[in-house]
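Colleague: structure, please.
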Amino acid sequence: MALRRLRNGWYATLVIQALVAHLYSSHPMNSRSSAIFTALAAAALFGAATPLAKALLGSMSPFLVAGLFYLGSGIGLGIGIIARRLRTSAKENNSHGISRAELPWLLGAIAAGGVAGPALLMLGLSSTPAATSSLLLNLEGVLTAVIAWVVFRENVDVQVFLGMVAIVAGGVMLSWQPAEAGIPGGALLIVAACLCWAIDNNLTRKVSTNDAMVIACLKGLIAGPVNLAIAFATGASLPAAGMVGAAMTTGLAGYGVSLVLFVVALRHLGTARTGAYFSVAPLFGVALSLLIWPELPHLSFWIAAALMALGIWLHVRERHEHQHTHEWLEHTHRHRHDEHHQHEHDFVYAGDEPHTHPHVHLPITHSHAHFPDVHHRHSH
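Modeller: Numbers count the residues shown, from 1 in each chain. Predicted coordinates:
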């Protein structure tokens with residue numbers, strides 16, 4: 001029964017992945033709209049994983065599902081990385097390594113978001129009503145933005161703040177069920193899980209110039225076995241091979257490809273804005289649920305959709321422009337030769353764009369509209 005319910009969900013998820021792959025290959029990240037689309041696509045894939053997980057939970061424990069999701073993500077992306085390296089040049093293969101100085105940020109993100117977050121969530125869910133849990137999970141986007149604004153000094157204006165409020169309000173509307181409301185003791189564990197994921201999002205931004213597939217693959221390969229170990233230690237056992245494959249395939253799309261897109265969006269939009277767009281994931285989850293379990297949407301669904309659309313509109317129309325100075329910077333990421341990438345090459349360059357290689361940014365002062373991306377992390 002679960003596999004039959006998953007089939008429609010997989011079809012929708014595959015359509016999203018195909019659309020993402022086409023647009024990403026034909027329209028690389030060279031505009032604000034491309035970056036916003038990437039963040040929303042990440043939210044769509046992650047949101048789609050929620051109803052698919054619900055269909056699987058009838059036959060597997062929550063920790064087992066989480067472990068298989070992460071493991072499927074890690075293995076699937078690992079195969080993708082190997083395939084990519086087989087068809088690219090040696091120069092491109094060796095150009096994108098995570099530096100030793102960045103490892104603490106990456107390991108911290110994996111520990112917080114891939115290990116501590118899921119563990120706290122599962123413990124909290126055991127004593128918290130479903131409606132209360134859904135409401136509390138909206139805190140992830142809020143805490144992500146707060147940490148980005150307060151700790152990492154990412155810029156924010158009134159319009160962006162109001163957009164975040166509208167998106168979070170939409171999430172609350174989607175999950176609000178007054179009859180089940182309450183604040184049990186497990187709620188604090190769920191809040192702690194949201195804090196872990198907020199920390200994960202902000203730490204991941206520190207390594208977002210690196211290969212997004214490698215980052216997501218490492219997270220899956222570490223978090224997967226840890227969650228599986230917890231599941232087996234609490235008495236879980238593996239189901240039939242078909243269910244294992246279903247869970248790992250779902251994890252590859254909802255946790256793996258989604259995280260790759262999330263990291264790319266972090267690189268171009270900053271943490272708070274990417275987190276805001278990612279907060280619309282529940283809307284995609286509810287929409288996919290209606291395909292798996294057909295029924296007419298409640299009024300709350302349309303109100304939530306309107307609030308989230310308002311929030312996205314407020315973010316999209318943002319224009320942050322002022323004179324700013326770029327300090328000397330050396331890093332590696334996929335780029336075109338735009339106003340921020342005017343450099344020479346220490347290899348034979350055939351003019352192909354976009355491309356990836358280590359490059360240096362010389363100090364420059366200028367004024368233009370910008371996001372708090374990897375090139376605009378200046379103070380205000």
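Colleague: show me what contacts the residue positioned nearest the centre of the chain?
Modeller: Geometric centre of the chain, nearest residue: residue 262, 3.6 Å, by CA atoms, centre = their mean. The neighbourhood of residue 262, defined by CB atoms under 8 Å, 6 or more residues apart in numbering, consists of 39, 42, 46, 204, 274, 278. Where C-beta positions appear, they are placed from N, C-alpha and C, glycine not excepted.
Colleague: mind doing that once more with 7 Å?
Modeller: Contact analysis of residue 262 by CB atoms under 7 Å, 6 or more residues apart in numbering lists 42, 274, 278.
Colleague: helix or strand for it, which one?
Modeller: Residue 262 belongs to helix 258-269 when assigned by DSSP states H and E.
Colleague: C-terminal to that helix, what's the next element?
Modeller: The element immediately downstream of helix 258-269 (helix or strand, assigned by DSSP H and E) is helix 271-278.
Colleague: what's the angle from that next one to helix 258-269?
Modeller: Interaxial angle, helix 271-278 versus helix 258-269 (axes from the mean of the first three to the mean of the last three CA atoms, to 10 degrees): 130 degrees.
Colleague: in stretch 72-79, what's buried?
Modeller: For stretch 72-79, a neighbour-count test (16 or more other CB atoms under 10 Å) marks 72, 73, 74, 75, 76, 77, 78 as buried.
Colleague: which one of the residues you listed sits closest to residue 247?
Modeller: residue 72 (6.6 Å; CB to CB).
Colleague: list the contacts for the closest residue in space to that closest one that isn't next to it in sequence?
Modeller: Computed as CB to CB, 6 or more residues apart in numbering, the closest residue to residue 72 that is not its neighbour in sequence is residue 248, at 2.7 Å. Going by CB under 7 Å, 6+ apart, residue 248 touches 68, 71, 72.
Colleague: any idea of the pLDDT on residue 248?
Modeller: For residue 248, the pLDDT comes out at 89.
Colleague: how close does it sit to residue 214?
Modeller: 19 Å (CB to CB, to the nearest Å).
Colleague: repeat that for residue 189.
Modeller: 31 Å.
Colleague: mind listing the strands for the stretch 201-350 of the chain?
Modeller: 321-326, 329-335 (DSSP state E, counting those that start in this stretch).
Colleague: mind checking the SS state of residue 359?
Modeller: Of the three states, residue 359 takes strand under DSSP: H, G, I helix; E, B strand; the rest coil.
Colleague: what pairs with it across the strands?
Modeller: Beta-bridge partners for residue 359, by DSSP bridges, are residue 331.
Colleague: wait, isn't it in contact with residue 342?
Modeller: No: between residue 359 and residue 342 no contact is recorded; they are 9.9 Å apart, counting by CB atoms under 7 Å.
Colleague: between those two, which is the more surrounded one?
Modeller: Ranked by neighbour count (other CB atoms under 10 Å), residue 359 and residue 342 place residue 359 first, with 20 against 11.
Colleague: could you check the pLDDT of the more buried one?
Modeller: 77.
Colleague: re the thing from before, most neighbours of all the contacts of residue 262, which one?
Modeller: Ranking those using other CB under 10 Å puts residue 274 first, with 33 neighbours.
Colleague: surely that one meets residue 267?
Modeller: No: with contacts counted by CB under 7 Å, residue 274 stays clear of residue 267, the gap being 9.0 Å.
Colleague: quick one on the thing from earlier: for the helix holding residue 262, what is the distance to the chain centroid?
Modeller: What separates the centre of helix 258-269 from the centre of its chain is 6 Å, taken as CA atoms, centre = their mean, to the nearest Å.
Colleague: where does pLDDT dip in the stretch 201-350 of the chain?
Modeller: Counting by pLDDT under 70, the stretch 201-350 of the chain has low-confidence residues at 288-289, 291-294, 320-322, 324, 326, 333.
Colleague: which residues in the stretch 151-300 of the chain form helices?
Modeller: 158-175, 187-205, 212-233, 241-251, 258-269, 271-278, 281-292, 299-316 (DSSP state H, counting those that start in this stretch).
Colleague: could these go into a markdown table alongside distance to residue 379?
Modeller: Listed next are the helices of the stretch 151-300 of the chain as a markdown table, based on distance: least, CB to CB, whole Å:
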| stretch | distance to residue 379 |
| --- | --- |
| helix 158-175 | 17 |
| helix 187-205 | 16 |
| helix 212-233 | 26 |
| helix 241-251 | 39 |
| helix 258-269 | 18 |
| helix 271-278 | 15 |
| helix 281-292 | 31 |
| helix 299-316 | 22 |
